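Trainee: sequence unavailable; structure follows:
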């Protein structure tokens, strides 16, 4: 193999790029601390291998791009120039991400983030609120910033210097504020894309390619979704996977994405921490992996089935659309196997609660009396009278979704009506500037806008008493403990409560597999309605499901009298809730 550069090797007839990484470059995200870097070029000729090295800019990875470091016996000295370099690197990565969004068509998510950034910048520019806003932003960002600062200090050899870590964290925090201001400038069109993002089509035959070949992956995914709509769940999955993949690569045209690129992405997905976007906010995949591995006890990683079903399937589907458009000659996902993924075992079955499980559940201390607010699982005399008590009961006797229950206002409960009912996602609040008449952003589908009859058992348990107490206390919302999430969506969050119930409470009452979950209350009510011969049309309206067959075209909304009469006599044989009733 004379004439082959030393950093090229052949494995099974395919050229690989392999080089030893200098010590001062091992901290780069591409190398992840390794002393040897190797990647398959996916080609079988020397000419193509050299071309791929240029396309992937592999040689550039080994060029030093770091500020001079002053060293001492204790490690690196944080000079002002080094701190500036650290901040500039974070800012440049953030700007690449922001600029990538500007290459795409306008989206609701981007517009929402722009509006939030404008609000934050306006408050930061106001002398009366700037200090309070900075303190709040520091509380929100500090968990992730401190992890990044500690990782940076470790790479510089000054991880044992708390003052150095604080300086790095402060520099990163100021960088985040600068990025927020830059987002506002970008949304106003004040900054043009940087030169390195311009894609020239005048060289190397690119001019002869179809214009679709120069799409970014996000653009490809959006167009594939527009041409092949497949429901809200799939659309959400596509958006999440496309955002992650493009953040991983940058705004690379799809004709430059080959199997080697996809394989590296998939390999890194196997190390992706569970709930990455929540635990490592604003971090890309590589940085989140590094931050997780730097933890004393790293979070668990996503399962191989999640890698396959939530991410790789989106890539394969989108590139399939690119092949149909003749934007790429081959699907780069072809032949890639997801190690450890198992085949699905048929359609997922619903798993309603058994009566004995319900009896055990509603005799847990959170219902019968616990030790204190902070010790809800130890028996005592402290009684909850909030969502922890009422949300499971509402799900059991209405079939409402937990997200719907979390949004309920006190005014949504029509307890004085002839046929008491709950109005789901239909109330208009004229005092809420974000609310629009006849439009609520948090409903799942149009079928979710409905009236649900209140079962007499809920009334006998004291539900309307609870509603009256909230009204007398001046609470606008039925369960005020649920807060709006930090991402700005007009949707009160119940995620942490759901996880606690599924992971801690339900295992106390049953060990069967598959175990029931919070949603099993909804399935249990569906099963009871079917057992008591409630017409399927009434079931669908109560649960917020679309009608089936011709009913979807011809059937109108049934009056609350009809649905109330259909469920008022439903009972759970063997269920004993007398200990929860006010006597």
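Mentor: Now that the structure is in, tell me what you want to look at. Please read these numbers as outputs of a predicted model, since none were measured by experiment.
Trainee: my read: residue 459 touches residue 422, true?
Mentor: No - taking contact to mean Cβ atoms under 8 Å, the distance of 12.0 Å between residue 459 and residue 422 leaves them out of contact. (C-beta placed from N, C-alpha, C; glycine too.)
Trainee: between these two, who's got more neighbours?
Mentor: A side-by-side neighbour count of residue 459 and residue 422, using other Cβ atoms under 10 Å, places residue 422 first with 23 against 14.
Trainee: that one falls within a strand, correct?
Mentor: Yes - with DSSP: H, G, I helix; E, B strand; the rest coil as the criterion, residue 422 is assigned to a strand.
Trainee: wait, doesn't it sit right on residue 411?
Mentor: No - with contact defined as Cβ under 8 Å, residue 422 and residue 411 do not form a contacting pair (10.8 Å).
Trainee: quick one, helices of the stretch 51-200 of the chain?
Mentor: Assigned by DSSP state H, counting those that start in this stretch, the stretch 51-200 of the chain shows helices spanning 80-102, 108-124, 130-156, 162-187.
Trainee: what about the first one, average pLDDT?
Mentor: It stands for helix 80-102. Averaged across helix 80-102, the pLDDT comes to 72.
Trainee: cool, the longest one as well?
Mentor: Throughout helix 130-156, pLDDT has a mean value of 85.
Trainee: picking that back up, for residue 25, which of the helices of the stretch 51-200 of the chain is the nearest?
Mentor: With Cβ to Cβ as the measure, helix 130-156 is the member of these nearest residue 25 (10.8 Å).
Trainee: name the helices or strands packed onto that closest one?
Mentor: Secondary-structure packing of helix 130-156 (3 or more Cβ pairs under 8 Å, 6 or more residues apart in numbering; DSSP states H and E): helix 80-102, helix 108-124, helix 162-187, helix 285-293.
Trainee: if we go to 6 Å?
Mentor: Contact partners of helix 130-156 among helices and strands, from 3 or more Cβ pairs under 6 Å, 6 or more residues apart in numbering; DSSP states H and E: helix 108-124, helix 162-187.
Trainee: look up how far residue 167 lies from the spatially closest residue to residue 171 that is not a sequence neighbour.
Mentor: Excluding its sequence neighbours, the residue lying closest to residue 171 (Cβ to Cβ, 6 or more residues apart in numbering) is residue 87, at 4.5 Å. Using Cβ to Cβ, to the nearest Å, residue 87 is found at 11 Å from residue 167.
Trainee: now stretch 305-320: how far from the chain's centre is it?
Mentor: If you compare the mean C-alpha spot of stretch 305-320 with that of the full chain, they lie 16 Å apart, counting by Cα atoms, centre = their mean, to the nearest Å.
Trainee: ok, and what's touching that stretch?
Mentor: Defining contact as Cβ atoms under 6 Å, 6 or more residues apart in numbering, one finds that stretch 305-320 is touched by 220-221, 224, 237-238, 241, 266, 269, 331, 333, 338, 341.
Trainee: also stretch 351-358?
Mentor: With Cβ under 6 Å, 6+ apart as the test, stretch 351-358 has contacts from 509-510, 514, 516, 520, 523-524, 527, 574-575.
Trainee: go through it and flag the buried ones.
Mentor: Of all the residues in stretch 351-358, those buried under the rule 16 or more other Cβ atoms under 10 Å are 351-354, 357-358.
Trainee: mind picking the two most distant members of those residues?
Mentor: Pairwise over the buried residues of stretch 351-358, using Cβ to Cβ, the maximum falls at 351 and 358, 13.2 Å.
Trainee: give me the neighbour count for residue 11.
Mentor: Neighbourhood size, residue 11 [other Cβ under 10 Å]: 10.
Trainee: and it, backbone torsions?
Mentor: Geometry field for residue 11 lists phi and psi as phi -130, psi 120, criterion degrees, to the nearest 10.
Trainee: give me the beta-bridge partners of it?
Mentor: According to DSSP bridges, residue 14 are recorded as the beta-bridge partners of residue 11.
Trainee: residue ranges of the strands in the stretch 151-300 of the chain, please?
Mentor: If DSSP state E, counting those that start in this stretch is used as the criterion, the stretch 151-300 of the chain turns out to lack strands entirely.
Trainee: low-confidence stretches in it?
Mentor: Of all residues in the stretch 151-300 of the chain, those with pLDDT under 70 make up the ranges 189-210, 230-233.
Trainee: just the buried residues of stretch 507-525, please?
Mentor: Burial within stretch 507-525, assessed by neighbour count using 16+ other Cβ under 10 Å, is assigned to 509, 516-525.
Trainee: same thing with stretch 375-391?
Mentor: Buried residues in stretch 375-391, counting neighbours by 16+ other Cβ under 10 Å, are found at 376, 382, 387-391.
Trainee: related to what we said a few turns ago, and among the helices and strands packed on helix 130-156, the most buried is which?
Mentor: Of all those, helix 162-187 has the most neighbours on average by mean count of other Cβ atoms under 10 Å, namely a mean of 18.
Trainee: still on that earlier bit, in TSV, list the helices and strands packed on helix 130-156 along with distance to residue 153.
Mentor: Listed next are the helices and strands packed on helix 130-156 as TSV, based on distance: least, Cβ to Cβ, whole Å:
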stretch	distance to residue 153
helix 108-124	27
helix 162-187	5
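Trainee: how about the ones you listed, which one is nearest residue 476?
Mentor: Between residue 476 and the helices and strands packed on helix 130-156, the shortest separation by Cβ to Cβ is 21.9 Å, and it involves helix 108-124.
Trainee: so how far is residue 332 from the residue nearest to residue 255 when sequence neighbours are not counted?
Mentor: Of all residues beyond its chain neighbours, the one nearest residue 255 is residue 213 (3.9 Å), with distances taken as Cβ to Cβ, 6+ apart. Counting by Cβ to Cβ, the separation of residue 213 from residue 332 is 13 Å.
Trainee: so residue 376, which of the three states?
Mentor: Remark: residue 376 carries the secondary structure label strand [criterion: three-state DSSP].
Trainee: quick one: contacts for it?
Mentor: By Cβ under 6 Å, 6+ apart, the contact list for residue 376 reads 366, 370.
Trainee: one more: residue 16?
Mentor: 9, 38, 40.
Trainee: A strand includes it, no?
Mentor: Yes - remark: residue 16 belongs to a strand, assigned using three-state DSSP.
Trainee: picking up where we left off before, report the buried members of the contacts of residue 16.
Mentor: Neighbour counting by 16+ other Cβ under 10 Å classes residue 40 among the contacts of residue 16 as buried.
Trainee: list the ones among the contacts of residue 16 that fall in strands.
Mentor: Taking DSSP state E, the ones among these that sit in strands are 9, 38, 40.
Trainee: as TSV, these with distance to residue 160 and pLDDT would be great.
Mentor: Listed next are those as TSV, based on distance: Cβ to Cβ, whole Å; pLDDT from 0 to 100:
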residue	distance to residue 160	pLDDT
9	40	81
38	33	83
40	39	85
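Trainee: nothing else from me, thank you.
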